[in-house]
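Participant: Here's my sequence, what's the structure:
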Amino acid sequence: MRVSLSGKRTIVAAWSVALAASALAAVPAHGSGGRHHYGQGDLRGDLAAVRAAGDGQVNVVARVDTPDGPLRARFGTAGRGSKEPVPWEPEFRAASTTKTFTAVVVLQLAAEGKLSLDDTVEHWLPGVVRGHGNDGSRITVRDLLRQTSGLYDYVADPSVQDRLFHHFDENRYDVTPAPQLVALAMSHPPLFTPGPAGTARQWAYSNTNYLLAAMIAEEANDRVERTAGGSGATWRELVEHRVIAKLGLRHTYIPGDNPFLVGPHERVTVDAPGGGVLDATELSFQHTADSGVVSTPGDLNAFFRALATGELLPAEQWREMRETVPYDDLPVPPSGRQGGYGLGLRVVPLSCGGVSYLHEGDGFGVYTRPAVSADGRRAVTVSVTTTTALIDQDKVNRAVEALTDDALCDRQAP
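Facilitator: Predicted coordinates:
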């Protein structure tokens with residue numbers, strides 16, 4: 001989920017800024033034989049810049065996986081008031097990085113002939129996308145995954161914004177079902193309506209798209225299962241079986257209604273309006289297919305490497321996943337060229353040539369930044385967690401993009 005008014009700012013942007021003191025943690029030595037040009041000291045320097053971009057009010061941890069083993073760095077503590085360092089492999093809510101997991105499941109079903117990316121929403125979910133100018137017969141599964149549907153983002157609804165900005169504590173355990181959130185989005189007119197197949201597509205980020213994509217995945221899988229005498233599966237079960245279990249991601253899970261994280265993690269705190277501190281660590285709001293995955297730096301690196309090396313998708317679906325349209329919601333990366341948005345995946349040019357694949361996640365004071373090189377040999381995940389005020393996302397994104405470009409290009413940081 002991307003929780004924002006503008007698509008670039010999270011809930012905490014409305015809250016006050018204060019200074020936070022965090023301890024600097026020791027970093028383990030690189031445990032492999034040959035060293036790359038991008039080494040432990042480079043990662044520490046780049047990660048220090050990320051923390052500085054967060055005005056020192058964040059705890060940060062990063063992991064770079066290479067053919068010679070991992071590089072790791074961390075700054076800060078396990079949370080406000082704690083003297084313990086940031087865990088090396090903290091669990092965190094991956095937020096919109098979940099969209100890549102959901103897209104993989106939809107593409108796997110397409111590869112199996114259970115659905116087509118050119119199917120319309122109306123075909124699978126009759127009458128669901130209708131009213132106020134919304135037309136599910138004009139929107140394809142591909143449009144949902146590529147963010148080219150034009151559908152209103154349910155998170156931007158004023159009632160949702162009010163609950164998040166002004167009544168977060170009372171609504172932290174909200175588990176409104178996805179169909180109701182879609183219905184809320186349908187009470188608003190679309191930003192645009194896609195043209196006929198083959199025409200140029202406008203792009204606009206909407207969490208609603210991935211609720212619908214998951215509902216279609218469930219329906220497509222259920223039709224086959226019911227024919228075979230089975231009972232179908234939820235999107236959560238599909239992701240768990242087809243991705244998490246397949247890759248053996250031991251610290252990745254979907255808690256659903258459960259508001260608690262089960263493994264080592266950081267406390268997420270923000271300064272509340274009118275004084276006081278809000279601890280946003282436990283919540284259930286992020287329980288749907290746009291935001292519900294919990295993971296760690298090591299597991300996200302493993303997931304994106306498996307994606308890049310063809311372990312999760314056949315060649316045709318992997319090709320389609322990387323077919324992009326332009327986006328305009330992130331800073332231009334160090335290469336000087338903006339990337340494109342594919343099917344639940346951003347494709348971003350590297351300054352050394354080639355591209356990286358990634359999908360960010362912005363949640364309640366937790367920001368997830370995983371990326372992988374095109375050949376899958378190098379992957380990096382940066383996790384940023386607030387302690388006082390929410391971050392300037394543009395500023396932090398630029399620092400993370402510099403780290404990512406250095407790490408994936410295997411180049412010493414400047």
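Participant: Look at Pro70 and tell me its secondary structure.
Facilitator: Classification of Pro70 by DSSP: H, G, I helix; E, B strand; the rest coil places it in strand.
Participant: Next up, phi/psi of the nearest residue in space to Val58 that is not next to it in sequence, please.
Facilitator: Spatial nearest neighbour of Val58, chain neighbours left out: Val384 (5.1 Å); criterion: CB to CB, 6 or more residues apart in numbering. (Glycine included, C-beta is placed from N, CA and C.) Here is the backbone geometry of Val384 (degrees, to the nearest 10): phi -120, psi 130.
Participant: And for Val384, the neighbour number?
Facilitator: Burial measure for Val384: 27 neighbouring residues, criterion other CB atoms under 10 Å.
Participant: ok, it touching Gly361?
Facilitator: No - in this structure, Val384 is not within contact of Gly361 by CB atoms under 8 Å, at 10.4 Å.
Participant: shaky segments in the stretch 51-200 of the chain?
Facilitator: For the stretch 51-200 of the chain, not a single residue meets the criterion pLDDT under 70.
Participant: in it, which spans are strands?
Facilitator: Under the criterion DSSP state E, counting those that start in this stretch, strands of the stretch 51-200 of the chain are mapped to 58-66, 69-75, 92-93, 130-131, 134-135.
Participant: and of the ones you listed, who's closest to Arg337?
Facilitator: In terms of CB to CB, the element of the strands of the stretch 51-200 of the chain nearest to Arg337 is strand 58-66, at 22.8 Å.
Participant: That closest one - contacts with which helices or strands?
Facilitator: helix 40-53, strand 69-75, helix 297-308, strand 379-386, helix 393-409 (3 or more CB pairs under 8 Å, 6 or more residues apart in numbering; DSSP states H and E).
Participant: can you pull the buried residues of stretch 206-224?
Facilitator: Under the neighbour-count criterion of 16 or more other CB atoms under 10 Å, stretch 206-224 has 206-218, 220-222 buried.
Participant: Out of the residues you listed, name the ones that lie in helices.
Facilitator: Residues of the buried residues of stretch 206-224 located in helices (DSSP state H): 208-218, 220-222.
Participant: beta partners for the residue nearest to Ser356 when sequence neighbours are not counted?
Facilitator: Setting aside the residues directly before and after it, Ser356 is nearest to Ala371 in space (CB to CB, 6+ apart), at 4.6 Å. Beta bridges link Ala371 to Leu358, Val380, judged by DSSP bridges.
Participant: Of the helices and strands packed on strand 58-66, which stretch is the most buried?
Facilitator: Comparing the helices and strands packed on strand 58-66 by mean neighbour count (mean count of other CB atoms under 10 Å), strand 379-386 ranks first with a mean of 29.
Participant: list the helices and strands that one packs on?
Facilitator: Counting contacts by 3+ CB pairs under 8 Å, 6+ apart, strand 379-386 is packed against helix 40-53, strand 58-66, helix 297-308, strand 366-373, helix 393-409.
Participant: got JSON lines for these, with distance to Pro196 too?
Facilitator: Shown next, in JSON lines, are those (distance: least, CB to CB, whole Å):
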{"stretch": "helix 40-53", "distance to Pro196": "43"}
{"stretch": "strand 58-66", "distance to Pro196": "43"}
{"stretch": "helix 297-308", "distance to Pro196": "31"}
{"stretch": "strand 366-373", "distance to Pro196": "35"}
{"stretch": "helix 393-409", "distance to Pro196": "35"}
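Participant: for the ones you listed, which one sits closest to Asp169?
Facilitator: strand 366-373 (17.1 Å).
Participant: next one: the closest one to chain centre, how far?
Facilitator: Distance, stretch centre to chain centre, for strand 366-373: 8 Å (CA atoms, centre = their mean, to the nearest Å).
Participant: Tell me the buried residues in the helix or strand harbouring Val239?
Facilitator: In this structure, Val239 sits in helix 235-239 according to DSSP states H and E. Residues Trp235, Arg236, Leu238, Val239 are the ones in helix 235-239 that count as buried (16+ other CB under 10 Å).
Participant: quick one: contacts of the next helix-or-strand element following it?
Facilitator: With elements assigned by DSSP H and E, the helix or strand that comes after helix 235-239 is helix 245-247. Applying CB atoms under 8 Å, 6 or more residues apart in numbering, the contact partners of helix 245-247 are Ala302, Phe303, Ala306, Glu311, Leu312.
Participant: can we see that at 7 Å?
Facilitator: Contacts with helix 245-247, where a contact means CB atoms under 7 Å, 6 or more residues apart in numbering, come from Ala302, Phe303, Ala306.
Participant: of the residues you listed, closest to Asp65?
Facilitator: For the contacts of helix 245-247, the closest approach to Asp65 (CB to CB) belongs to Ala302, at 7.7 Å.
Participant: what about the closest one, distance to Ala379?
Facilitator: For Ala302, the distance to Ala379 equals 8 Å [CB to CB, to the nearest Å].
Participant: For the most centrally placed residue in the chain, give me its contacts.
Facilitator: Closest residue to the average C-alpha location of the chain: Thr97 at 1.8 Å, with CA atoms, centre = their mean. Residues in contact with Thr97, defined by CB under 7 Å, 6+ apart, are Val293, Leu300, His359, Glu360, Gly361, Thr368, Pro370.
Participant: Helices of the stretch 101-250 of the chain, residue ranges please.
Facilitator: 121-124, 141-146, 158-166, 168-171, 178-186, 208-227, 235-239, 245-247 (DSSP state H, counting those that start in this stretch).
Participant: Return the first one as PDB; C-alpha atoms alone will do.
Facilitator: I take that to be helix 121-124. Only the C-alpha atoms of helix 121-124 are listed here, as PDB (Å, rounded to 0.1, in the frame of the first residue of the first chain):
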ATOM      1  CA  VAL A 121     -12.200  -6.900 -15.300                       C
ATOM      2  CA  GLU A 122     -15.900  -7.300 -16.200                       C
ATOM      3  CA  HIS A 123     -15.300 -10.800 -17.600                       C
ATOM      4  CA  TRP A 124     -14.100 -12.000 -14.200                       C
END
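Participant: Distance from the chain centre to that helix, please.
Facilitator: 26 Å.
Participant: Ok, the second one next?
Facilitator: Counting by CA atoms, centre = their mean, helix 141-146 is centred 16 Å from the centre of its parent chain.
Participant: so what secondary structure elements neighbour it?
Facilitator: Contact analysis of helix 141-146 by 3 or more CB pairs under 7 Å, 6 or more residues apart in numbering; DSSP states H and E lists helix 98-111, helix 208-227 as its packing neighbours.
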